[in-house]
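Participant: Need the 3D shape of this:
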Amino acid sequence: MGLVFETRASDSPWIDSVWTCRSEQVAEMTSVACETWGLVFWEQDGVAYASVTGPERRTGTAPVPEGADFVGIQFAVGTSLRAVAAPALVDTGLVLPDVTHRSFWLDGTRWETPCLDDAEALVERLVRDGAVVRDSLVAEVLRGHSPAATDRTVERRFRSATGLTQGAVRQIGRARTAALLLSAGESPGDVVAKLGYYDEPHLARALRQYVGRTARELREGRGGAIALDAAQRTTS
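Facilitator: Okay, here's the model as predicted:
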């Protein structure tokens, strides 16, 4: 057994997903590009840790501590931390200091460490305190609305809120959706038609850049451990 993920959606407009993971006998995993940031909490050998994860513009590999239990909160596109500029988190992260099993330190305040079922309560407190903020224009654009703003203003707001361009946000999200569909057994041709890729070579390039797997590997579950959106998937 490699990585065992469980995930759930959230009713909170501030959260994309909440997930847990158990690592067993795996040294590294393929990380999938991600357009959002997150908070991750884990325990290994009785020691508690926490970090902020930033958006990732491409696939890569990441070490995985063996025998660790994780809880993660993936935030919605357009949210950001008050204390850290979103561009500073792109392709990197931030290890949080002074973490215990019960609490962690963020933005000058000590917060209670969440479990899978109370992530929303933590985020509500972070929002109420102003530690987590949101640019509503970014969410509006992603829903397909046309805001009363110039293209230049929209692009500037995307970069400020996410650290990424609007195009990168859409491409990364589309590639991850394609990977999930392929993992569920859909054919490359169907995924091309459903998600608006030009053709299968276009899909293949996107998977190579953002996911680190071929369509065949995804459909057959091959290639080793992969962090695929923490999406109800077990890898071995």
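Participant: biggest helix in this structure, by residue count?
Facilitator: helix 166-183 (DSSP state H).
Participant: Determine the set of other helices and strands touching the helix or strand following that one.
Facilitator: From helix 166-183 onward toward the C-terminus, using DSSP states H and E, the following helix or strand is helix 188-195. On a contact count with 3 or more CB pairs under 8 Å, 6 or more residues apart in numbering; DSSP states H and E, helix 188-195 meets helix 166-183, helix 200-210. (C-beta placed from N, C-alpha, C; glycine too.)
Participant: if you compare those helices, which one is most tucked away?
Facilitator: helix 166-183 (a mean of 20; mean count of other CB atoms under 10 Å).
Participant: Just the angle for it relative to helix 200-210, thanks.
Facilitator: 100 degrees (axes from the mean of the first three to the mean of the last three CA atoms, to 10 degrees).
Participant: Pretty sure residue 98 sits against residue 104.
Facilitator: Yes. Counting by CB atoms under 8 Å, residue 98 does reach residue 104; the two are 7.4 Å apart.
Participant: okay, those two: which has more neighbours?
Facilitator: Neighbours per residue, other CB atoms under 10 Å: of residue 98 and residue 104, the larger number sits with residue 104, 23 against 10.
Participant: Pull the helix or strand hosting the more buried one out as CSV, backbone CA atoms only.
Facilitator: Using DSSP H and E, residue 104 sits within strand 103-106. What follows is strand 103-106, C-alpha atoms only, in CSV (Å, rounded to 0.1, in the frame of the first residue of the first chain):
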residue,chain,number,x,y,z
SER,A,103,-2.5,23.9,18.0
PHE,A,104,-0.3,25.8,15.4
TRP,A,105,1.0,29.3,14.9
LEU,A,106,-0.1,31.4,11.9
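Participant: Just list what the next helix or strand after it packs against, helices and strands only.
Facilitator: Using DSSP H and E, the next helix or strand after strand 103-106 towards the C-terminus is strand 109-112. If contacts are counted by 3+ CB pairs under 8 Å, 6+ apart, strand 109-112 sits against strand 103-106, helix 119-129.
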